[in-house]
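*Asks:* generate coordinates for the sequence data below:
(one chain, ligands or ions: 1)
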Amino acid sequence: MPRDPSNDTEKHSHMSVKTYEGDLRAPEGARFAIVACRFNHLVVDRLVEGALDALRRAGGVPESDVVLTWVPGAFELPLAVKRLAASGKFAAVIALGAVIRGSTPHFDFVAGQAASGSSAAMLETGVPVAFGVITTENIEQALERAGTKAGNKGFEAAQTALEMASLVAALGRDGL
Ligand code: INI
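*Replies:* Predicted structure coming up:
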């Protein structure tokens with residue numbers, strides 16, 4: 001059998017180092033907010049399904065602990081993300097959208113503002129924000145990333161939200 005370097009014990013033998021790492025189970029009672037764009041809703045609806053699936057099946061989060069907010073397009077994501085994050089009511093916020101170059105001359109502005117605004121909201125509030133916005137050249141590539149041949153970016157973003165919520169909870173238990 002070929003050697004798998006990721007199994008090297010040296011690499012993981014930090015037994016004496018206090019280590020923090022989140023897992024995919026939601027912290028007890030944690031609530032999650034999804035913010036989704038109506039623009040390119042054919043794609044975004046599938047991202048929402050993927051995110052709900054990850055929260056339910058990986059995180060064990062009941063739908064009653066999830067809030068779904070719709071905004072017109074990716075440019076509007078940061079305002080809703082920031083407001084929900086700042087409310088203090090959610091363990092993480094998941095931003096979902098699809099920005100497709102072929103359909104907009106201002107692709108770079110819309111995609112860039114969605115990313116930097118969501119990142120700013122995360123850093124200003126200390127609440128994890130998962131960025132599940134697909135940026136592609138065309139609709140085919142977007143659909144591939146929304147539950148067909150290249151996975152589901154919404155599912156992946158929700159997994160990231162779960163992991164970061166778990167990490168933040170673990171750090172908080174130690175007063176960090
Ligand atoms: N919004 C998107 O979410 N995806 C896009 O691909 C897109 N295109 O193609 O323009 C888009 N534009 C709308 C934008 O997000 C704002 O809603 C609009 O500029 C009004 O502020």
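*Asks:* spell out the residue ranges of the strands in the chain.
*Replies:* Ranges of strands within the chain are 32-37, 66-71, 92-100, 129-136, 146-148, 151-152, based on DSSP state E.
*Asks:* and the residue of this structure nearest the ligand?
*Replies:* residue 73 (2.3 Å; C-beta to the nearest ligand atom). All C-beta spots, glycine's among them, are computed from the backbone N, C-alpha and C.
*Asks:* what's the burial count for that residue?
*Replies:* 17 (other C-beta atoms under 10 Å).
*Asks:* now do residue 104
*Replies:* Count around residue 104 with other C-beta under 10 Å applied: 15.
*Asks:* got the contact list for the closest residue to it other than its chain neighbours?
*Replies:* In this structure, residue 104 finds its nearest non-sequential neighbour in residue 110, 6.3 Å apart by C-beta to C-beta, 6 or more residues apart in numbering. Residues in contact with residue 110 (C-beta atoms under 8 Å, 6 or more residues apart in numbering) are 73, 74, 75, 99, 104.
*Asks:* where in the protein is pLDDT low?
*Replies:* Across the chain, the ranges flagged by pLDDT under 70 are 1-13, 103.
*Asks:* which positions in it make contact with the ligand?
*Replies:* Selection of the chain residues close to the ligand by C-beta under 6 Å from any ligand atom yields 37, 39-40, 72-76, 97-100, 103-104, 110.
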